[in-house]
Every structure is written in C-alpha cells, then in structure tokens.
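1. Fold the following, please.
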Amino acid sequence: MSSPIGSFIAPSGAPPWLPREVAEGRRFAWWAQIMFFLMAVLWFIVAVVLITLYVADGGAWRLAMGMFGFFGMLICFLAGLFLKKTVLDAIDQGRFHDAKNDTLIWIIIGLFAFVLPSLFLILTYAKLGDAIVAQAPVGYAPYAPGSVAVQQPTYAPPPAAPVPVPPPVQPGPQPAQAYHAHQTPMHRCKNCNVQFPDFMHSCPNCGAPK
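-> Sure, this is the predicted structure:
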C-alpha cells in the first residue's frame, strides 16, 4: 500500500536505468522539491507571526507582509507539487527534453522560495542538457531557427500527348502507260513519289503542291 505522501513527494531513489548525468539532475530536482515544501512551511510561520503581531500591536506593513506570506506559502506548495509531475515524473518516464524545458519555469518560480530551489534546479537543467547532448547521434547538428528555407511547390502542367503521325502512303504499282509519239511532260511528287502531269499544280494522290 503506497503512502499518501508519495502521491505528491517523489521518491528520492532514481530508476537504475537512468544515465549518470540524468540521475544526478534528478537528485537535484528532488532536493528542489523538498526546498519548496520547506519554504512553504517557513512562509506559513512568517505569515502567522506577522498577522498575530498586527492583531496585537497593529501596523499596516505587518498585515501586508502577512498576506504576502500566505501568498508565498501557496506558491511554494503548488510549485513543489507540480515539480514532481512536470520534472521528476518526466525524468522517470524518459522524457528528458520535456523535463529540461519545464525546469526553466520552476527556476523562475523558485525566486519566491528564497532562491534555494532555483539553485538546485539550475544544476538539474545543466545535467539534463549534458545528458541530451551526450545521447545525440554522432554528427547530429540541428538547424538554427530561420536557417532553412522551405521551397514552395511549383505546378508544372503535364506534357502534351504526342500526336500520332500517319505512316506515309506507299505508292502502288503504276500502270504501264501507252507510248505516244508526243508524251505529256510528267512531274514526280516529292511527298508520295507519284507521277502526275506537269500542268497540274498539286499532286492528285496526296494533295501536296508541286
């Protein structure tokens, strides 16, 4: 049966299959979560003391700082709660890129907890970055943003189908012409090789001009 504390506090032990850099980064993230919860308790004590002093002796600044203490307590508690889901659980599931990116958010929020969680999370961010670089394939170099120009596809019309060319008409055997003493001058067509009288302007077989 799991402890109810384990539902919002990650276990301190890392899975055995994690790389060494990732396991070290996870350990720093775990200490950052502990610091968030400790700072939440500290903010709660400060808020209660200031509100008590305000009730006993007055002072608007005590009331303001007491209210800010309750606000800081809430921020630190929620940060410790969601740090487990976004960073520690992501590391345990092998999602190192997601854990590294989410660490930046908690570094900024850690300023509400007297900077102590932010120092641990900066070390987590560095360790995860080293692990990701070490796992990148040899020769892998990601493109810098804006360095790749995407070529727009161009439309090219399909080529026209070739028009079939009819085979040339083979000339048939010409009938033997009777011999006349005065034969009519003949002309041979350059297209179909058929002879026709010289006075004709076009070939009677294919219509080609003389």
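
2. chain center to the helix or strand harbouring Lys100, what's the gap?
-> Using DSSP states H and E, Lys100 falls within helix 96-109. Centroid displacement of helix 96-109 relative to its chain, using CA atoms, centre = their mean, to the nearest Å, is 19 Å.

3. I figured Asp130 hits Pro19, correct?
-> No. Look at Asp130 against Pro19 with CB atoms under 8 Å: they stay out of range, at 9.4 Å. Heads up, the C-betas are built off the backbone N, CA and C, glycines and all.

4. that older thread, can I have the helix holding Lys100 written out in PDB, keeping just the CAs?
-> Extracted as PDB, the C-alpha positions of helix 96-109 are listed here (Å, rounded to 0.1, in the frame of the first residue of the first chain):
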ATOM      1  CA  PHE A  96      14.300  14.300 -20.700                       C
ATOM      2  CA  HIS A  97      13.500  17.100 -23.200                       C
ATOM      3  CA  ASP A  98      10.200  17.900 -21.500                       C
ATOM      4  CA  ALA A  99      11.800  17.800 -18.100                       C
ATOM      5  CA  LYS A 100      14.600  20.200 -19.200                       C
ATOM      6  CA  ASN A 101      12.100  22.700 -20.700                       C
ATOM      7  CA  ASP A 102       9.800  22.700 -17.700                       C
ATOM      8  CA  THR A 103      12.800  23.200 -15.300                       C
ATOM      9  CA  LEU A 104      13.200  26.800 -16.600                       C
ATOM     10  CA  ILE A 105       9.700  27.600 -15.400                       C
ATOM     11  CA  TRP A 106      10.400  26.400 -11.800                       C
ATOM     12  CA  ILE A 107      13.700  28.200 -11.800                       C
ATOM     13  CA  ILE A 108      11.800  31.500 -12.100                       C
ATOM     14  CA  ILE A 109       9.100  30.500  -9.600                       C
END
